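coordinates for the following, if possible.
(chains A and B)
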Amino acid sequence: KAGVTQTPRYLIKTRGQQVTLSCSPISGHRSVSWYQQTPGQGLQFLFEYFSETQRNKGNFPGRFSGRQFSNSRSEMNVSTLELGDSALYLCASSLELAGFGTDTQYFGPGTRLTVL
Amino acid sequence: AQSVTQPDIHITVSEGASLELRCNYSYGATPYLFWYVQSPGQGLQLLLKYFSGDTLVQGIKGFEAEFKRSQSSFNLRKPSVHWSDAAEYFCAVGGAGGGADGLTFGKGTHLIIQP
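Prediction:
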């Protein structure tokens, strides 16, 4: 079974631009979560989508948004990019909502975003 | 609020020696605990997880971890490390019920293997 895939793997943008990242979960998984990883803040939870609805959200500004499609694929969008948005963005999928039962999140390789 | 502390930012171990990475958590309910490993330029790979039952859990690559509720700890161990174990290790705690706020990760421990 194929793992979680993320595209693109690398992105370079300039301040003020917007960016869209894509995540395809493991087949059959219905939940997709997004995390931001930076050297200073470590791994931080952005949001989780399940059945096309945002179910949980971390402490990030409204510039960070996402959506999930009927096939469980998810996109994350960051508008008005700032230098501090430079990070590795990781996507994780799980069968059900990550907080329920004994489910486990499986991570993709990440998208490295550099904001100049 | 849930939190995870990994007290050691860096650990250096000789190849073939034993390893223990420390993890302390804070969580108001029954925690689900995880250890992930991240190699340079890679995503996170799940090593092992604890949900309930036996407090000593076995994972992949010869790793194990022991859940100690009284100490709020979930330390990762390996009896003999290999050079390929050099990586960043993350401990994480998740909710056992609905409405969880995703996984909360520690800052990570960077493992260096000396030949």
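
C-alpha only now, for contacts and for neighbours.
Will do.

what about the nearest residue to residue A:78 once chain neighbours are set aside, distance to chain B?
Excluding the flanking residues, the one nearest residue A:78 by C-alpha to C-alpha, 6 or more residues apart in numbering or on different chains is residue A:64, at 4.7 Å. With distances taken as C-alpha to the nearest C-alpha, to the nearest Å, residue A:64 is found 16 Å from chain B.

which ones are touching residue A:64?
Under the criterion of C-alpha atoms under 8 Å, 6 or more residues apart in numbering or on different chains, the contact partners of residue A:64 comprise A:76, A:77, A:78, A:79.

give the next helix or strand downstream of the host helix or strand of residue A:21.
Residue A:21 is located in strand A:19-24, with elements delineated by DSSP states H and E. Sequence order places strand A:31-38 as the next helix or strand after strand A:19-24, per DSSP H and E.

so what touches the helix or strand following that next one?
If you walk from strand A:31-38 toward the C-terminus, the next helix or strand you reach (DSSP H and E) is strand A:42-50. By C-alpha under 8 Å, 6+ apart, the residues outside strand A:42-50 that reach it are A:30-37, A:54-60, A:66-68, A:72, A:74, A:96-97, B:101-108.

ok and strand A:42-50 relative to strand A:31-38, angle-wise?
What separates the directions of strand A:42-50 and strand A:31-38 is an angle of 160 degrees, with axes from the mean of the first three to the mean of the last three C-alpha atoms, to 10 degrees.

the worst-scoring helix or strand of chain B on mean pLDDT and chain A in contact?
Sorting the helices and strands of chain B by mean pLDDT, DSSP states H and E puts strand B:104-105 at the bottom, at a mean of 89. Yes. Strand B:104-105 is in contact with chain A by C-alpha under 8 Å from any C-alpha of the partner chain, via B:104, B:105.

just say helix, strand or coil for residue B:1.
Under the three-state scheme (DSSP: H, G, I helix; E, B strand; the rest coil), the conformation of residue B:1 reads as coil.

and the strand holding residue A:21, which residues are buried?
Counting neighbours by 16 or more other C-alpha atoms under 10 Å in any protein chain shown, one finds that the buried residues in strand A:19-24 are A:19, A:21, A:22, A:23, A:24.

same question, stretch B:2-17
With burial defined by 16+ other C-alpha under 10 Å, the residues of stretch B:2-17 counted as buried are B:2, B:4, B:5, B:6, B:13, B:15.

follow-up on the earlier one: want to throw the contacts of residue A:64 into TSV with neighbour count, secondary structure and pLDDT?
Below are these laid out as TSV (neighbours: other C-alpha atoms under 10 Å in any protein chain shown; DSSP: H, G, I helix; E, B strand; the rest coil; pLDDT from 0 to 100):
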residue	neighbour count	secondary structure	pLDDT
A:76	20	strand	98
A:77	14	strand	98
A:78	19	strand	98
A:79	15	coil	95
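
quick one: which of those is nearest to chain B?
Looking at the contacts of residue A:64 and their distance to chain B, the nearest is residue A:76, at 16.0 Å (C-alpha to the nearest C-alpha).

now for the closest one: which residues touch it?
Counting by C-alpha under 8 Å, 6+ apart, the residues that residue A:76 touches are A:20, A:21, A:22, A:34, A:64, A:65, A:66, A:67.
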